[in-house]
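J.: Structure of the sequence below:
(2 chains)
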Amino acid sequence: MCRPDKGMMKNKKVLLVASHGGHWVQMRKMAAAFDGMAVHYVSTTQCIDVEVSPAPVTVVKDANLTDKLGLLLMAFQVFWVVLRFRPNVVLSTGAAPGFFALFFGKMLGAKTIWVDSIANAEKLSVSGAKVGRYADLWLTQWPHLEKPQGPFFKGSVL
Amino acid sequence: MIFVTVGTQLPFDRLIESVDLWAKNHSEVEFIIQSGGGGFNPLHCEKKEFVSPMEWERLFLSADLVVSHAGMGTIIKAIDAGKPLIVMPRKASLNEHRNDHQLATAGQLKDIENIVVVDNEKEFYMALDAPPVCINSGFGRGSDNLCMLIDEIKSFVIEGDGNA
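T.: Next comes the predicted model:
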């Protein structure tokens, strides 16, 4: 069993960010860590509303490195959410929206957590490798990808 | 019903063509394909390019067998539900993805009873003829790993709050 909640997690605002698909499914499994806190989700499709209701969801543009203009728009959207919600904690499993969320979250004083997708079994994702300097807790889900300076292995969704 | 799903990022026509060819000779089996776009139109299966997450869940749960690319979303759901799953990883050499991370992911699935990984059409047909079976898992293999991860995140979040 997971450790019981000691009731000291209240009054925290948590921003959980993931592209839809595998990143989202993995992040949802970690949401149990934030029971009782005010959680706000960011993803790339509106359809997940139902799944997390009544928690609010902000939808941002889905884009990757091949779409620079899209990335810029997404970065702005993510910045706006972080600015308005002012989270105490930001967590992401990827991909690009999560990178920006940690970047802006760190800038505005949040604790930041990156858990690289378990799909990256041979090396970190592009976002996951770049985000290390902005992640207060920087994790991989594969023991063999752990390095002394991070990312660290502290469990996985499987 | 067999549910074929390849995610929303990229098409995977190699898999869908193989499915359609098998379906041609197995008219007693119903196939529903979520194709993620792609140019190939199956003749013997129902194709939907994209489905909503709720519809996806419904198709996934009602399927007797699921066939997919090596996407972690589908794989995690299959492990959690004990659902029989045939996985065909995308290959960068065939322009099916940007890199070969799906081959690496699939390489880690060997010990999971309800999942079979196939590399090519021939192996795929063998798997369809003798599909993996449902297991009563209820929760994912190695849930200790998940607890460890959640505990780590919890500790980190309350760290430095004074009353921890």
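J.: How about residue B:44: what's its closest non-neighbour residue?
T.: residue B:23 (3.8 Å; C-beta to C-beta, 6 or more residues apart in numbering or on different chains). Just so you know, the C-beta spots here come from the backbone N, C-alpha and C atoms, and that holds for glycine as well.
J.: Tell me the gap between the helix or strand in which that neighbour is found and the middle of its chain.
T.: Applying DSSP states H and E as the criterion places residue B:23 in helix B:13-24. Centroid displacement of helix B:13-24 relative to its chain, using C-alpha atoms, centre = their mean, to the nearest Å, is 16 Å.
J.: so residue B:76 makes contact with residue A:29?
T.: Yes: in this structure residue B:76 lies within contact range of residue A:29 using C-beta atoms under 8 Å: 7.3 Å.
J.: okay, and the common contacts of these two?
T.: Both residue B:76 and residue A:29 are contacted by residue A:157, under the criterion C-beta atoms under 8 Å, 6 or more residues apart in numbering or on different chains.
J.: The residue lying closest to residue B:12 once chain neighbours are set aside: neighbour count?
T.: Spatial nearest neighbour of residue B:12, chain neighbours left out: residue B:6 (4.1 Å); criterion: C-beta to C-beta, 6+ apart. Neighbour count for residue B:6, taken as other C-beta atoms under 10 Å in any protein chain shown: 26.
J.: Please list all residues in contact with residue B:6.
T.: B:12, B:15, B:16, B:34, B:35, B:36, B:68, B:69, B:71.
J.: Surely the residue nearest to residue B:44 is in contact with residue B:29?
T.: Yes: counting by C-beta under 8 Å, residue B:29 is a contact partner of residue B:23 at 6.6 Å.
J.: Strands of chain A, residue ranges please.
T.: Remark: strands assigned in chain A by DSSP state E are A:13-18, A:38-43, A:57-59, A:89-94, A:111-115, A:137-140, A:152-153.
J.: Run a quick neighbour tally on residue 40.
T.: With no chain named, the answer covers chain A. Residues within reach of residue A:40, counting by other C-beta under 10 Å, total 19.
J.: oops, I was thinking of chain B
T.: Neighbours around residue B:40, by other C-beta under 10 Å: 16.
J.: That one in helix, strand or coil?
T.: Assigned by DSSP: H, G, I helix; E, B strand; the rest coil, the conformation of residue B:40 is coil.
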